[in-house]
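Visitor: Compute the structure for the input listed below.
(chains A and B)
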2 protein chains.
Amino acid sequence: MESSFKVLGWLRDYRRADLWDDVVASATLVMFLVPQGLAYALLAGLSPQAGLYASILPVICYAIVGSSAALSVGPAALPSLMTAAVLAGLSQVAPSQYPMLAAALALFSGLLRVVFGGLRFGFVANYLSSPVVGGFVTGSALLILLTQVPNLIGIESHAADAQSMLARVWAVRHELSWASPALSVATLLALFACRAWLAKGLRRIGLAARAADLFGKAAPLFVITVAAAAVHALGLPVKLVGALPQGLPPLTWPMPQIGLLIDLMPAIAAIALIGFIDSYSIAQVLALKRRETVNPNRELVALGLANMAAGVTGGFPVSASFSRSAANELAGARTQLAGVLAALWMLVILAAAAGLFALLPLATLSCTIVVAVIQLIDLSVLRLAWRYERGDAWIFLATAAAVLVAGVVDAVLLGVGLSLAHFVWRTSSPHLAEVGRVPGSEHYRNRLRHAVEMQPGVLAIRVDESLYFANIRFVSDAIVGMLRQRPDTRSVLLVLSAVNAIDVSALQGLRDLNRGLSEQGVALHLAEVKGPVMDRLRQSGFLAELSGAVHLSTHSAMRLIGTPAEPDYVI
Amino acid sequence: MESSFKVLGWLRDYRRADLWDDVVASATLVMFLVPQGLAYALLAGLSPQAGLYASILPVICYAIVGSSAALSVGPAALPSLMTAAVLAGLSQVAPSQYPMLAAALALFSGLLRVVFGGLRFGFVANYLSSPVVGGFVTGSALLILLTQVPNLIGIESHAADAQSMLARVWAVRHELSWASPALSVATLLALFACRAWLAKGLRRIGLAARAADLFGKAAPLFVITVAAAAVHALGLPVKLVGALPQGLPPLTWPMPQIGLLIDLMPAIAAIALIGFIDSYSIAQVLALKRRETVNPNRELVALGLANMAAGVTGGFPVSASFSRSAANELAGARTQLAGVLAALWMLVILAAAAGLFALLPLATLSCTIVVAVIQLIDLSVLRLAWRYERGDAWIFLATAAAVLVAGVVDAVLLGVGLSLAHFVWRTSSPHLAEVGRVPGSEHYRNRLRHAVEMQPGVLAIRVDESLYFANIRFVSDAIVGMLRQRPDTRSVLLVLSAVNAIDVSALQGLRDLNRGLSEQGVALHLAEVKGPVMDRLRQSGFLAELSGAVHLSTHSAMRLIGTPAEPDYVI
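Guide: Numbers count the residues shown, from 1 in each chain, chains lettered A, B, ... in the order given. Got it, this is the predicted structure:
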C-alpha cells in the first residue's frame, strides 16, 4: 500500500547514496529555473520577479504530494501563454492589477484541480489520444516560438496569439535595429553548439565523464552570462530585464471582485484542464522512461496545490516544464528532494542576488525558451500514425494547426471531438467476413483470406464490431445484400465472437432482421455469443423470437445447421 | 435497378386492382388533411389557409420523388412548432411579414435538404439511436399537447414553448369561461369514443367490415362537423377559425432581406435537420410494417422538394405526419397515388368550399391535434431499454425532458451527445476474461463462467473490446494487476478475437506493455489476431519488437507456450 503522501514514501526509503545525485540535480535545476522563471513571467505579461516567486513554494508543494520523481513543476510555457492571453483580453482592467489577477488565476485554477482530483476526475486524461496530445504539444511549441519573435528581434509586444504577433512585427518592420537579432542569433548558435558538443569536447580533453556532463548542463547559464557581459561591454542597444526587487516572495491573498472572478471562471477552468493535461502527459513520458506509474488523481491534486501555493506567493499559473524535467532526469535526480533543494537555492538567490538579473538582455532569455521549447516538437507519433492509421495523422495535424489558429482551448476540444468522431466513424461501417472451415480443423476463417471449405445453404458471417445504433443499419443492409447474391441460403449464422455489446437500437435492428429473414424462409442462428452479451439477450426476450438457435461454437453450429437433427440449444 | 424517380416505378407497375384502394385512402387522407392543415397553420402562428395551401403541391412533390409508399407529407406538428418558435423570436419583424417568412423557412430549408441529399448526407440519420428518436418524439408530443392548452381552454397565446405557455395560462386564469373547456372535453371524448368503438359498433349492427372501417376513419370529420353545428346552434361563446380566402394557392417567391436571411440560417438548418429526422423515422416505422426499404438520401431530396413547393405556394415547413401516414396505411393506400388524389381533392375543396371552414371552432381543431399527437407517445423503447440497458433508458428520458425544457434543437444535440458519450464510456473499461480450455476441446472460455482447465505459467486473457485511446490504459493496468496476483507467470497470451481495431495510441500502449513485461522476464504472445488488425500491425514494426509470438489460435498458442518447442510464427 502506498502512503497517501509520496514524500513520506521517498523520505522513509531515502538512501544516503542518492543524496549526492539529488544535490547535483538540484544545482542543474536552478540553472534552468532562474532564466526560465524570468522569461516565462515576461511571456505571461508580468514583471520578472513573479517567475522567481513561482519557483519556490510551488516546487516544494509538488515535491510533497506529486507522484512523479523527476517532474519539475514551476513556471512553464503553456500556462504563461494562457495567462498572457487572459490578461490581454481584459479590456476593463488596469495593468496595475495584472499581478493580482495572474495570482488569482493560479489560486482558483489550483483550487479547482484539488477539488476535481479529490472527486477522482483524473480519468479525463484517458480521453486524450496520443495524436491529440502530440499535435497539441507540437502546436503549442510552435505558438510559443512565435511569441518569442518580438523579444528576439527587439520590439515591444504583448501579443499572446500568432496573428496579433505577426501583425505587430509587420507594423514595426521599418524600425528594427540589428543589435537584438544579432545577439539572438549568436546566443542561439552558442546554446545549440554547447548542447551538441560541449560535454563531448570536455571529455575529449580529459575531464571525467561526470564532470563533463555537468558542465554541459551548466552551459545555458554560462552562455547567458557571457551574452550579458558582452552586451554591457559593447554597449549594445538591446532591451534588458530591468530592476528586480530583492527579498522573499510576498504572502498575498489574490481576490478579484466577485463579478470579475465569475467572468474569469471559463479561463480558470481552461487553465486547470490544459495545465493538467500538459503536466500529466510529461509525467507519463518520464514514468515510461523510469518504469514508474503516475496516478492521475494524485497528479491533479499535487498540481492544484502547487498552483495554490503560486497564487498566495505572488506567482502565476505553474505547470510541469518538459525541458526542466528532462534535465532533472538526465542530471540524475533520484527523488523529489532535488526539487526541494532547488527551491531552497532559489530562496537564497532571491534574498541575496536578485539585482544581478536586472542586467540580463531579454533577447538572451528568449533564446533559452526557444531552445527549451524546440525539444517539445516531437513528430514520431505523426510519422507512426501516417504509416499506421492515416486518420490519426490528420487529427495530429488538425490539432496542431488549431493551436496556432484558434488557441489552445479550442484546439483541445477539436482534437478530442475529432478523436471521438473518428472512432465512431470507424465503428459505424464494420468489417464483415464470410467464414468457412479451415480443412480438418474446428476453426473458421475469412474465406477471402484463407483456403477454407464452405457449406452450401448456410451463410456464416463474422461481425467484427460491437453492434450499436451507428452501425446496426449498415450491418443489416450488408447481410441482406450478401443474402441476395446467394439465393439458395436457408440459414444465416452470425458469429458474434467479436461482438462485445449490443445496445437497444441494435437489439431492435436484430429483431427486425430476424423477422425479415424468417418471412423469406431463412433462419437466423447465432454462435459464439459472449457471456455478458448473452446475459442481456436472455433478459430481452429476443431469444424466444429468434427463428434459429444459439450455438456455443461456429463448428457445432455448422455441423448441426446443415443436417436435419435438432440444434444444440444452449439457451 | 430502381428508377431514380419512384413515381415512374409505381406508375409503370400500377395495377387496376390497386386503384379502388388508393381512392378510398385518398378520401380518408383528405378528412385528416383539412382539419390538421388548419390546426397546424394556427399552431405555426399563421392564418389557416396556409395549412390548406401546404397540403397540395408538397403532397404531389413527395409522391413523385419519395421512397415510402404510405408516408403522408404535409402540414405536421413539429415543423409548425419550430416555425412558431422562430417567428416569435423575431422581435424586429412586423407580424404582417410572418406568412412570407414562414414560406421562406420552407423554401430554404427545402433547398438545404435537396443539396445535402444530393451530397448523400442522409447517413447522419444513422447516428440517431432509437432511445434518442423515441425520447425526442415523445417529448415533442408532450410539448405539442401543452401548446394546444390555450386553444382548448379558449385563451389567446402565441407561446411556442412550455414555460411561456404556462405563464400565459397562469396570467389569465381568472378570465377563463366554461364554454371552450366544455366543448374541448366533449369533442375529445367523442373522438376517443369513435376511435375505440365506432367501427366495431357499425359492424355489429350489420354494416360490411370495409364500410364500417371507413366510417370509423371518417369519424373525426363527423365529430368536427357536429361540434361546429352545436356551437352555432347553441350560440356558444368560443373562438372560430374565421374568414378564409377562396381560390387556388398563390405562386410567390418568398425572399427576406439578405441580413434577415443570414440571421435565419441556424433556424433553417435546424428545421431541415429535425424535419428530416422526424420524417425519416416515421418512414422507417412504416417501411418495417410494409417490408419496404427507404433510402435516406432520396427521402432527404423528396422532403426538400416538398418544402420548396410549400415555400413557393404560400405554405410553411412541412414534414411527414405520423397520424395521417398511419391512417393512410390503415385505409389501404397501395401507392403514392393516394397522396396525389388527396391533393387534387384539396384543390377542389379550396376552390369551392373554403368559406365553410371559417365556422369551425378553434378548440375543436385543437382536439384533432391532441388525438393525433397522443399516438406519438410510444414508451415501448423506454420499457425495453429499462430492462435491457438502463443507460439507454436514461438517454430516452433526458432527451424527452430536454425537448420540454430546452427546445427541440438542443434536445437532439443532447441526445446524440449522450448516446456517443455512453458508447465511449462503455468501451473505455472493457470486459477482460481469463480463459481456460474446455476439457477435451480446442475451445477456450472465461474461467469464471465455464469449468475449464488452466495451464500453469501462462496467463491467457481475452480482451473483449477494440483497443483505442480511451481504454488502452485501463487494459494495460488490468493486465499488470492480474499478473501481480500470479507471480509465477512466464507468458501472457492476449486473445484478440474480439479486438477489431488497434489505434495509434493503443499501439503505443501495447509497445509499452511488451517492453514492461519483458523487463520482468514475461513474454507477451498474441493469438487470434484478425486479418485487418494483423495487416496494420505488420506495417507498424511492432511484431519485430514483440517478445513472444503471434499464433493462429488460442489452442495452438497454449500447446506451444508451455513446451520448450519453437512457437508457430505466422508473421
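Visitor: Show me which residues of the helix or strand hosting A:Ala353 are buried.
Guide: Per DSSP states H and E: A:Ala353 is located in helix A:337-353. The neighbour-count check on helix A:337-353 (16 or more other Cβ atoms under 10 Å in any protein chain shown) flags A:Leu337, A:Ala338, A:Gly339, A:Val340, A:Leu341, A:Ala342, A:Ala343, A:Trp345, A:Met346, A:Leu347, A:Ile349, A:Leu350 as buried. Glycine gets a C-beta too; all of them are placed from N, C-alpha and C.
Visitor: Dump those residues to JSON lines, plus pLDDT and distance to A:Thr293.
Guide: Compiled in JSON lines, the buried residues of helix A:337-353 are given as follows (pLDDT from 0 to 100; distance: Cβ to Cβ, whole Å):
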{"residue": "A:Leu337", "pLDDT": "84", "distance to A:Thr293": "20"}
{"residue": "A:Ala338", "pLDDT": "84", "distance to A:Thr293": "20"}
{"residue": "A:Gly339", "pLDDT": "85", "distance to A:Thr293": "19"}
{"residue": "A:Val340", "pLDDT": "88", "distance to A:Thr293": "22"}
{"residue": "A:Leu341", "pLDDT": "89", "distance to A:Thr293": "25"}
{"residue": "A:Ala342", "pLDDT": "89", "distance to A:Thr293": "24"}
{"residue": "A:Ala343", "pLDDT": "91", "distance to A:Thr293": "25"}
{"residue": "A:Trp345", "pLDDT": "89", "distance to A:Thr293": "30"}
{"residue": "A:Met346", "pLDDT": "89", "distance to A:Thr293": "29"}
{"residue": "A:Leu347", "pLDDT": "89", "distance to A:Thr293": "32"}
{"residue": "A:Ile349", "pLDDT": "86", "distance to A:Thr293": "34"}
{"residue": "A:Leu350", "pLDDT": "85", "distance to A:Thr293": "35"}
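Visitor: from those, which is closest to chain B?
Guide: A:Ala338 (24.8 Å; Cβ to the nearest Cβ).
Visitor: I'd say the closest one and A:Glu329 touch.
Guide: No. Between A:Ala338 and A:Glu329 there is no contact under Cβ atoms under 8 Å: 9.8 Å.
Visitor: can you list residues touching both of these two?
Guide: A:Ala70 (Cβ atoms under 8 Å, 6 or more residues apart in numbering or on different chains).
Visitor: can you tell me which residues contact A:Val373?
Guide: A:Ala77, A:Ala141, A:Ile144, A:Leu145, A:Ser323.
Visitor: what do you get for A:Gln36?
Guide: A:Gly51, A:Gly74, A:Pro75, A:Ser321, A:Ser323, A:Arg324, A:Thr368, A:Ile369, A:Ala372.
Visitor: Closest one to A:Ser380 out of those residues, please.
Guide: A:Ser323 (17.8 Å; Cβ to Cβ).
Visitor: Now do the SS call for A:Pro245.
Guide: Of the three states, A:Pro245 takes coil according to DSSP: H, G, I helix; E, B strand; the rest coil.
Visitor: For it, grab the count of nearby residues.
Guide: 12 (other Cβ atoms under 10 Å in any protein chain shown).
Visitor: so what's it up against?
Guide: A:Gln49, A:Ala354.
Visitor: let's go with 6 Å and repeat that
Guide: Shown in contact with A:Pro245 (Cβ atoms under 6 Å, 6 or more residues apart in numbering or on different chains): A:Gln49.
Visitor: Kindly provide the distance from it to chain B.
Guide: 45 Å (Cβ to the nearest Cβ, to the nearest Å).
Visitor: next one: phi and psi at that residue?
Guide: Phi and psi for A:Pro245, reported as degrees, to the nearest 10, are phi -70, psi 140.
Visitor: tell me the phi and psi of the residue of the stretch 451-571 of chain A found nearest chain B?
Guide: For the stretch 451-571 of chain A and chain B, the shortest gap (Cβ to the nearest Cβ) falls at A:Phe469, measuring 3.4 Å. Here is the backbone geometry of A:Phe469 (degrees, to the nearest 10): phi -50, psi -40.
Visitor: Next, count neighbours for it.
Guide: A:Phe469 has 27 nearby residues by other Cβ under 10 Å.
Visitor: coming back round to it: closest one of the buried residues of helix A:337-353 to B:Arg484?
Guide: The closest of the buried residues of helix A:337-353, once distances to B:Arg484 are taken by Cβ to Cβ, is A:Leu337, at 28.6 Å.
Visitor: Go ahead and confirm that closest one touches A:Asp22.
Guide: Yes. Applying Cβ atoms under 6 Å, one finds A:Leu337 in contact with A:Asp22, separated by 4.4 Å.
Visitor: tell me the SS of the residue lying closest to A:Val73 once chain neighbours are set aside?
Guide: Counting by Cβ to Cβ, 6 or more residues apart in numbering or on different chains, A:Val73 lies nearest to A:Tyr62, which is 3.9 Å off, once chain neighbours are set aside. What three-state DSSP gives for A:Tyr62 is helix.
Visitor: on that earlier part again, farthest-apart pair in the buried residues of helix A:337-353, please.
Guide: A:Leu337 and A:Leu350 (20.2 Å).
Visitor: ok, back up a step: I'd like the buried residues of helix A:337-353 as a markdown table, with distance to A:Pro249 appended.
Guide: Formatted as a markdown table, those follow (distance: Cβ to Cβ, whole Å):
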| residue | distance to A:Pro249 |
| --- | --- |
| A:Leu337 | 21 |
| A:Ala338 | 21 |
| A:Gly339 | 17 |
| A:Val340 | 16 |
| A:Leu341 | 18 |
| A:Ala342 | 15 |
| A:Ala343 | 11 |
| A:Trp345 | 14 |
| A:Met346 | 10 |
| A:Leu347 | 8 |
| A:Ile349 | 12 |
| A:Leu350 | 7 |
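Visitor: restrict those residues to contacts with chain B.
Guide: Near chain B, judged by Cβ under 6 Å from any Cβ of the partner chain, there are no entries from the buried residues of helix A:337-353.
Visitor: Out of those, flag the one nearest to A:Phe276.
Guide: A:Gly339 (18.6 Å).
Visitor: so that closest one makes contact with A:Ala63?
Guide: Yes. In this structure, A:Gly339 is within contact of A:Ala63 by Cβ under 6 Å, at 4.4 Å.
Visitor: Close to chain B: what parts of the stretch 101-250 of chain A are there?
Guide: Residues of the stretch 101-250 of chain A lying near chain B (Cβ under 6 Å from any Cβ): A:Asn126, A:Tyr127, A:Ser129, A:Ser130, A:Pro131.
Visitor: didn't the last one look like it was pressed against A:Gly391?
Guide: No. Judged on Cβ under 6 Å, A:Pro131 makes no contact with A:Gly391 at a distance of 8.8 Å.
Visitor: Neighbour count for those two, which is higher?
Guide: It is A:Pro131, of A:Pro131 and A:Gly391, that has more neighbours when counted by other Cβ under 10 Å, with 31 against 18.
Visitor: where does the more buried one land in three-state SS?
Guide: helix.
Visitor: which ones are touching it?
Guide: A:Ala385, A:Asp392, A:Ile395, A:Phe396, B:Val504.
Visitor: Count the residues that sit near the last one.
Guide: Taking other Cβ under 10 Å as the criterion, the count of residues near B:Val504 is 28.
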